[in-house]
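Visitor: Could you look at this predicted model? Sequence included:
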Amino acid sequence: MFSHIISTNTKPHLSGVAKFGALLAKHLDIPYVSFFDTDSLHKGIHVILSVSFNIPDMELETQVWRFFELAEEKQITFSVFFHSFDELPIEQALVKRAKKIYCANAEIYHVLKPFHASIYNMWSPPLIHNGLLEKENVLNIFSFGMAFKIQTGYHQLFAKKLRNLGINYIIRFSTGFHEKANFGKYDEIAEELEGVYGDKVQFFGFLSDQAIGHFVHKSDLFVNFFSKGARANNTTLYAVMERGCPALTNLDAYSPSWMKSGINILDIQDLNKSVLQKKRLKAIGKIAQTEVKKHTAWHSFVKEIKS
C-alpha cells in the first residue's frame, strides 16, 4: 500500500486539507510529510499525494516539480487525491504521472475521468475529531491570548499539577493575532499544547470579543501565564475577572499588589485540590469581579491621567 502521505498543506490547525492528511495518515498508520521533506524517501516506494493548489504558491509548485525528478530518480510511484482541480499545469502533470487518481467530489471526477483509466469518485470524511463538550463532572478551563505569548513551560507545570491532583478537565484555547505575527505560529504552539494536554485540549482559533465572553461564561476557570509574571497591563486577566470568572496565572513581586492568591486570583505555585473545587472557584470569581472593578476601572484611570 502507501508508505507515506505527502501533502501540499501541513498545518492541521489552519487548513482543512492539512487536517485531512493528518487524519488519513493516522488511520493508515503511515508518516505524513510535506513536499519540502521528500529527499529522504526510499527507492521503490508508493506514496499518496494529497493536493490542493487553489492558493497560488510558486515555491510549493516548484517543489512539486522537483518531486517529479526525485520520483523518477528513485523509482517512486504515487497516487493523487485531488481536493480541488483548476486545470493548472502542475495539476495536469500530476494527472499524467499518477498511478491512481482519487477525486474529492463528483465535479472533479467528471472533469478528470476522460484523462485517466484508474480514477475514483471519493469524498472527504468529517474532520472534527475532538468534539469535547462542557461537562458538569469535569473542570472546564478556557484560555485566550496572542499565540506567540503562550507560555508552554507553565502549561506543562499546570498539566502536571492537574494530573497529580487527580483533576479531570477539558482545556480550550482561543488566540488573537498580532499585526506582525503570522498564522503559522499558532499552528506551532497548538502542536506544543497538544503534546502537553493530549486529548484534553481543544482549539477554537480566533474568536470575537462576544464569542470569548460566551466561553468565559461557560468556563469554571480561565488560565493565562506570562513570561515573568502578571502585570498591571495584562488586560486579558481583567476581562475575565470582570465577568466573574476565576483566573489562574503566575504572580511575582511586580504583579498588582491587590491580586491575592486564593482570594481573588489563583497562582500556579499555590494550586491544591480544594482551591480547584467548583464551589470555591465561583467564590473566588465573585470576589475578583468586585476587586477588578475597584482597581482597574476606566474612570479611575482617566482621573489619574488628568491629575
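Guide: Now that the structure is in, tell me what you want to look at. Numbering: from 1, shown residues only.
Visitor: what's in contact with the helix or strand harbouring residue 24?
Guide: Residue 24 is part of helix 16-28 when elements are defined by DSSP states H and E. For helix 16-28, the surrounding residues in contact (Cβ atoms under 8 Å, 6 or more residues apart in numbering) are 1-2, 5, 7-13, 31-32, 48, 50, 52, 83, 124-125, 127, 129. No exception for glycine: its C-beta is placed from N, CA and C like everyone else's.
Visitor: Provide a ChimeraX selection command restricted to the buried entries of these.
Guide: Of these, the buried ones go into a single ChimeraX selection, burial set by 16 or more other Cβ atoms under 10 Å:
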select :2,5,7,8,9,10,11,12,13,32,48,50,52,83
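Visitor: before we move on, the earlier item: mind checking how far the helix holding residue 24 is from the chain centre?
Guide: When distances are taken as Cα atoms, centre = their mean, to the nearest Å, helix 16-28 is centred 15 Å away from the chain's centroid.
Visitor: Show me what secondary structure element comes after it.
Guide: Helix 16-28 is succeeded, C-terminally, by strand 32-34 (DSSP H and E).
Visitor: Show me the shaky parts of this structure.
Guide: When residues are selected by pLDDT under 70, those of the chain lie in 13, 128-136, 145-149, 176-187, 307.
Visitor: How is it partitioned into domains?
Guide: Here the domain parsing of the chain from automatic domain parsing is 5-121, 139-300.
Visitor: center of the chain, which residue is that?
Guide: Taking Cα atoms, centre = their mean as the criterion, residue 190 is the residue nearest the geometric centre of the chain, at 3.9 Å.
Visitor: check which helix or strand covers that one.
Guide: Under the criterion of DSSP H and E, residue 190 resides in helix 183-197.
Visitor: Check residue 280 too.
Guide: For residue 280, the enclosing helix or strand under DSSP H and E is helix 278-296.
Visitor: Give me the buried positions along that helix.
Guide: 281, 284-285, 287-289, 291-292, 295-296.
Visitor: and those as TSV, adding distance to residue 74?
Guide: Shown next, in TSV, are the buried residues of helix 278-296 (distance: Cβ to Cβ, whole Å):
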residue	distance to residue 74
281	58
284	61
285	60
287	66
288	61
289	64
291	66
292	62
295	66
296	63
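Visitor: quick check, nearest of those to residue 234?
Guide: residue 296 (10.6 Å; Cβ to Cβ).
Visitor: Now do the contacts for the residue lying closest to residue 194 once chain neighbours are set aside.
Guide: Among residues not flanking residue 194 along the chain, residue 201 sits closest, at 5.9 Å (Cβ to Cβ, 6 or more residues apart in numbering). Residue 201 makes contacts with 130, 171-173, 193-194, as judged by Cβ under 8 Å, 6+ apart.
Visitor: What of residue 222?
Guide: Per Cβ under 8 Å, 6+ apart, neighbours of residue 222: 141-143, 216, 237, 240, 245-248.
Visitor: which other helices and strands contact the one helix or strand residue 61 maps to?
Guide: Using DSSP H and E, residue 61 sits within helix 58-74. The helices and strands touching helix 58-74, judged by 3 or more Cβ pairs under 8 Å, 6 or more residues apart in numbering; DSSP states H and E, are helix 89-97.
Visitor: In the helix it packs on, which residues are buried?
Guide: Buried residues in helix 89-97 (16+ other Cβ under 10 Å): 90-91, 94-95.
Visitor: Now that we have the residues you listed, can you turn them into JSON lines and tack on distance to residue 75?
Guide: Listed next are the buried residues of helix 89-97 as JSON lines, based on distance: Cβ to Cβ, whole Å:
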{"residue": "90", "distance to residue 75": "22"}
{"residue": "91", "distance to residue 75": "23"}
{"residue": "94", "distance to residue 75": "18"}
{"residue": "95", "distance to residue 75": "20"}
